[in-house]
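Student: Got a predicted structure plus its sequence, pasted below:
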Amino acid sequence: MLQVIAPDGVPEIRKGDDLAALLLTALAGFDAAGGDDSGGWTLADGDVVVVTSKVVSKAEGQVRESTRDDELPGETRRIVARRGRTTIVRSRLGLTMAAAGIDASNVESGYVVLLPVDPDASARALRAALLERTGANVGVVVTDTAGRAWRDGQTDLAIGAAGLVVLESFAGREDPHGNPLVVTAPAVADELASTAELAQGKLAARPFAVVRGRADLVLPAGEDGAGAVTLIRPEGSDFFGYGAREAVVRALKGDPGDRAPFGAPAPADDLAAAIREVTGLESAIEETGLTVRGADPTVLAVLAFAHGWQVLPGPDTAERAAAVLLPLSP
């Protein structure tokens, strides 16, 4: 059975506040807030403590008298997509989020809250403090709210974790019908984050939650695990490294610094198929690369860039002579 509680009574968080103490105080008074009259809630081995990044950031001094627009450049590695006033970026933490997760809600007017400097480290610190004060070996998840590609609405996900298996792997197992499970890997840290949010709510001033019933995911004391950072796909491994418009612009621009989000060089067959689809021309696949005759050199250069290939310098391209394409790396 899975139990989730989110205690009331947590005051406004300020820089330097002790989150462990605030959580334990709120849990001690949980029955007065509508619990089971058992004299509060006591943390136990195997519990998972979930805390919003907003209060972690406030306690760590990540509040700025500023605006999203002013803070966004410093929180951004690169822009993924932009539509009007909405900017999706890959943030300094590697997360792909609107406005790098900078938030102007639940904070005084004229101020914004940045994400924690290192959410995994924040989770480790809270876990250690709770173990020291209660003796309970718990997992900790730091959450934030994000949208999802292809889906309306937002949900909470894990941006920091400690003492927790964040990704279960079912590869190599079989389902009840005997079918092999090849890539099934539930992001359980994200699932715990969204489960806790159902109890916390967005406007109820309940920044903490405790999830009980998944002790199998909690690591032994002293083992913090790899953290939520392991849930972030490396640059180039995501199918959607840029927005649709941005991908076109980046490929046309052809700046070598923009290559990483397009991923590793595509197989020769994939590039040959793209050339045929766009130009109607056939390309000869050779041991070292591709040879194409009669193609517009600009079109060929864009297709090569988007697939992680390059067009070798050759004869006068105005005559559209044979062009040789090679992958940028083996």
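Tutor: That came through, no problem.
Student: make it CA atoms for all contacts and neighbour counts henceforth
Tutor: Noted.
Student: which intervals of the stretch 101-250 of the chain have sub-threshold pLDDT?
Tutor: Scanning the stretch 101-250 of the chain for pLDDT under 70 picks out 171-172, 182-184.
Student: Show me what Val142 is bridged to.
Tutor: Beta-bridge partners recorded for Val142 (DSSP bridges): Val51, Gly160.
Student: ok, now how distant is it from Ser53?
Tutor: Per C-alpha to C-alpha, to the nearest Å, Val142 is found 6 Å from Ser53.
Student: thought Lys54 was touching Pro119?
Tutor: No. No contact is recorded between Lys54 and Pro119 when judged using C-alpha atoms under 8 Å, the distance being 11.0 Å.
Student: Mutual contacts of these two, please.
Tutor: Both Lys54 and Pro119 lack any common contacting residue under the criterion C-alpha atoms under 8 Å, 6 or more residues apart in numbering.
Student: for this structure, what spans make up the helices?
Tutor: With DSSP state H as the criterion, the chain has helices at 19-28, 53-59, 68-75, 119-134, 188-200, 244-253, 268-279, 297-306.
Student: right, and these - which one's nearest Met1?
Tutor: For Met1, the closest of these is helix 188-200, at 13.5 Å, according to C-alpha to C-alpha.
Student: Show me what that closest one is packed against.
Tutor: strand 3-5, strand 48-52, strand 139-148, strand 151-162, strand 208-212 (3 or more C-alpha pairs under 8 Å, 6 or more residues apart in numbering; DSSP states H and E).
Student: Let's have these in CSV, adding mean neighbour count.
Tutor: Formatted as CSV, the helices and strands packed on helix 188-200 follow (neighbours: other C-alpha atoms under 10 Å):
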stretch, mean neighbour count
strand 3-5, 17
strand 48-52, 29
strand 139-148, 24
strand 151-162, 21
strand 208-212, 24
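Student: which one of the ones you listed lies closest to Val80?
Tutor: strand 139-148 (13.7 Å).
Student: Check the offset of that closest one from the chain's centre.
Tutor: Strand 139-148 sits 9 Å away from the centroid of its parent chain (C-alpha atoms, centre = their mean, to the nearest Å).
Student: Ok, stretch 214-225 next?
Tutor: 22 Å.
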